[in-house]
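Engineer: next one to model:
(one chain, ligands or ions: 1)
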Amino acid sequence: MNVQALVETTRKLMDGGRGLLAMDESPATCNKRLLAAGIPQTEAARRAYRALMVTTPALNDSISGVILHDETIRQKTTGGIPFVNILRDADILAGIKVDTGARALALHPGETITEGLDGLRGRLADYFGLGARFAKWRAVFTVTEAAPSRGCIAANAHALARYAALCQEAGIVPIVEPEVLMDGAHTRETCGKVTEDVLRCVFENLHSQSVCLEGMILKPNMVLPRSACPEQATDDEVADATLMHLRRAVPAAIAGIAFLSGGQPAERATARLNAMNARFRGPGARLPWPLSFSFARALQHPALEIWRGEDANVALAQRALLHRAACNRAALRGEYSQSMEA
Ligand code: 13P
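Structural biologist: Sure, this is the predicted structure:
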């Protein structure tokens with residue numbers, strides 16, 4: 001394992017005050033988003049949508065890395081330029097989602113295990129050759145009275161750790177994403193407890209698999225009352241709860257934390273990230289890790305709504321994407337405010 005190269009990649013992703021754009025939806029998930037925006041669900045539409053994002057002028061002001069899907073890492077613009085070349089020339093690192101999705105976990109009704117370890121060593125070598133320098137694997141945890149079960153947490157934590165080790169062997173920085181879902185009616189306290197339990201188990205497994213913490217990034221959910229919970233929370237309450245649980249469960253040695261947005265409204269995700277960074281500005285108040293973003297929906301959604309599949313809307317959609325990226329960049333410094341949305 002080349003630790004120095006891994007650490008160098010994490011620095012490029014985390015240290016410049018920029019964040020990550022996740023555009024690694026599977027064709028099926030991307031189609032769902034296109035359908036909701038009234039756009040035909042074709043390979044051509046998915047390619048055009050992804051081209052819109054990667055060719056956004058000045059995207060690199062706020063974005064240090066873009067996560068691609070297997071379909072997208074091989075795609076080109078209509079002018080024939082591979083997306084990875086456009087990103088490279090803009091000083092944006094290309095990443096790749098390498099899990100193959102969540103499937104039903106045997107004997108655990110309603111719970112899933114994320115798959116994709118078979119053949120992963122070979123796929124990682126291919127992706128490295130295509131220019132990917134970091135990767136992502138997402139495990140999903142539903143919260144109910146009975147879930148997540150110990151079996152579900154253990155199986156997914158083990159898979160995340162095996163994935164992370166294979167990435168590091170291949171010279172690719174793993175983004176480790178255990179997502180406790182927002183759906184349901186549970187409270188912020190339950191979300192916090194489950195998030196902390198999951199993270200403890202994930203880091204135990206990362207340790208067993210000899211993963212180098214300095215060469216990895218964690219992509220967690222924020223600690224939120226869930227969407228149907230009658231008691232909602234202020235941005236500061238979310239920030240405090242999230243950081244309390246992360247500080248208890250996440251080693252100081254990891255290169256950084258880049259949150260997922262999880263279906264929060266775009267402006268809320270930004271405001272909550274801002275609240276976390278604002279509370280730890282200045283001497284004596286430092287967090288052990290940089291706190292960044294790796295949003296999909298909270299970056300893309302306004303742009304998709306404007307684009308609607310029309311060439312004439314591309315420039316305006318790109319401005320919307322750039323705006324969300326800039327707001328989130330300001331949130332990394334704790335300098336975002338509602339007035340930026342005007
Ligand atoms: P959201 O920001 O839409 O939750 O997506 C993040 C992601 O990459 C999911 O794997």
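Engineer: report the contact partners of the closest residue in space to Ala132 that isn't next to it in sequence.
Structural biologist: Setting aside the residues directly before and after it, Ala132 is nearest to Ile96 in space (C-beta to C-beta, 6 or more residues apart in numbering), at 4.2 Å. Using the backbone N, CA and C atoms, a C-beta is placed for each residue, glycine as well. By C-beta atoms under 8 Å, 6 or more residues apart in numbering, the contact list for Ile96 reads 24, 67-70, 73, 127, 130, 132, 134-136.
Engineer: quick one, which of those residues are buried?
Structural biologist: Listed as buried from the contacts of Ile96 are 24, 67-70, 73, 127, 132, 134-136; burial here means 16 or more other C-beta atoms under 10 Å.
Engineer: just those residues now: which is nearest Pro40?
Structural biologist: Minimum distance to Pro40 across these is 18.6 Å, recorded for His69 (C-beta to C-beta).
Engineer: next one, pLDDT for the spatially closest residue to the closest one that is not a sequence neighbour please.
Structural biologist: Nearest residue to His69, sequence neighbours excluded (C-beta to C-beta, 6+ apart): Asp24, at 4.6 Å. pLDDT recorded at Asp24 is 98.
Engineer: these two touch, right, Asp24 and Lys136?
Structural biologist: Yes. Counting by C-beta atoms under 8 Å, Lys136 is a contact partner of Asp24 at 6.4 Å.
Engineer: mutual contacts of the two, please.
Structural biologist: Common contact partners of Asp24 and Lys136 (C-beta under 8 Å, 6+ apart): 67, 95-97.
Engineer: isn't Glu341 right up against Cys327?
Structural biologist: Yes. Counting by C-beta under 8 Å, Glu341 touches Cys327, with 7.2 Å between them.
Engineer: more neighbours: which of the two?
Structural biologist: Neighbours were counted for Glu341 and for Cys327 using other C-beta atoms under 10 Å; Cys327 has more, 25 against 13.
Engineer: what strand or helix carries that one?
Structural biologist: In this assignment (DSSP states H and E), Cys327 forms part of helix 314-332.
Engineer: over to Arg103?
Structural biologist: Assigned by DSSP H and E, Arg103 falls within strand 101-104.
Engineer: what of Val176?
Structural biologist: Residue-wise, Val176 maps onto strand 173-180 under DSSP H and E.
Engineer: list the strands paired with that strand, with their directions.
Structural biologist: Strand 173-180 sits in its sheet next to strand 132-141 (parallel), strand 217-218 (parallel), going by DSSP bridges.
Engineer: thanks a lot, see you next time.
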